[in-house]
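**Q** sequence isn't available, so here's the structure alone:
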């Protein structure tokens with residue numbers, strides 16, 4: 001089975017189709033590394049992320065960023081329990097409960113999040129996703145998120161090249177956004193204020 005461990009819980013559920021996986025103790029997670037540049041920081045950043053997944057869908061995510069211009073570093077830890085309903089559940093596709101810590105804010109956030117996915121094509125490659133979440137700190141600072149997103153996957157767009165196109169609206173930030181992704185390159189934009197370019201190593 002040519003599916004790496006880091007994707008099994010994160011990508012193992014496709015709109016109402018529950019795929020169950022088990023992990024053996026000798027399996028190891030694969031670290032994701034990438035180079036990213038955005039028009040806000042205007043510096044090249046080296047990113048690394050790794051997911052550690054347990055048999056009961058508890059995911060520990062460790063990620064960090066190194067600013068290649070200044071040498072500054074920042075990191076984030078997140079521990080989440082993911083809940084996947086039985087196939088055909090009409091209410092949600094996935095729910096998360098957990099906590100996260102970010103070095104740049106130096107605080108822990110506790111939160112819940114949910115996602116509902118609707119397949120708009122028989123092959124499942126065109127989907128409409130709704131996402132919502134709420135996080136709260138010990139000082140009762142609240143951070144909420146809400147998005148509506150249309151996603152289209154195109155396999156074999158050219159030889160050995162797949163595409164994924166996303167168009168969405170960020171309700172919390174009150175602005176649209178889009179993403180164009182091919183095998184290694186990803187372009188994100190809100191069409192007005194910001195954009196970023198990522199290359200997966």
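**A** Nice, thanks for sending it over. Here the structure is a predicted model, which is why all the values come from computation and not from measurement.

**Q** hang on, isn't residue 78 packed against residue 97?
**A** No - between residue 78 and residue 97 there is no contact under Cβ atoms under 8 Å: 11.6 Å. For glycine as for every other residue, the C-beta is placed from the backbone atoms N, C-alpha and C.

**Q** out of the two, which sits in the busier spot?
**A** residue 78 (18 against 14; other Cβ atoms under 10 Å).

**Q** now the more buried one: how far from residue 50?
**A** 11 Å (Cβ to Cβ, to the nearest Å).

**Q** give me the nearest residue to residue 199, chain neighbours excluded.
**A** Distance criterion Cβ to Cβ, 6 or more residues apart in numbering; nearest residue to residue 199, sequence neighbours excluded, is residue 35 at 4.9 Å.

**Q** correction: residue 181
**A** Nearest non-adjacent residue to residue 181 (Cβ to Cβ, 6+ apart): residue 164, at 4.5 Å.

**Q** neighbours of the residue nearest to residue 80 when sequence neighbours are not counted, how many?
**A** Distances taken as Cβ to Cβ, 6+ apart place residue 98 nearest to residue 80, at 3.4 Å, with adjacent residues excluded. Residue 98: 19 surrounding residues under other Cβ under 10 Å.

**Q** please name the bridge partners of residue 98.
**A** When bridges are called by DSSP bridges, residue 98 pairs up with residue 80, residue 111.

**Q** quick one, helices of the protein?
**A** Counting by DSSP state H, the chain has helices at residues 5-8.

**Q** now the strands for the chain?
**A** In the chain, the segments counted as strands under DSSP state E are 13-14, 17-18, 32-38, 44-53, 58-67, 73-83, 94-102, 107-119, 126-137, 142-158, 161-170, 175-181, 185-189, 195-200.

**Q** from the contact counts, what lies against the last one?
**A** Applying 3 or more Cβ pairs under 8 Å, 6 or more residues apart in numbering; DSSP states H and E, we find strand 195-200 packed against strand 32-38, strand 185-189.

**Q** output the ones you listed as a markdown table; include the columns mean pLDDT and distance to residue 103.
**A** What follows is these, written out as a markdown table (pLDDT from 0 to 100; distance: least, Cβ to Cβ, whole Å):
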| stretch | mean pLDDT | distance to residue 103 |
| --- | --- | --- |
| strand 32-38 | 96 | 17 |
| strand 185-189 | 97 | 22 |
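
**Q** mind putting the ones you listed into a markdown table with mean neighbour count and distance to residue 122?
**A** As requested, the helices and strands packed on strand 195-200 are exported to a markdown table (neighbours: other Cβ atoms under 10 Å; distance: least, Cβ to Cβ, whole Å):
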| stretch | mean neighbour count | distance to residue 122 |
| --- | --- | --- |
| strand 32-38 | 15 | 31 |
| strand 185-189 | 15 | 27 |
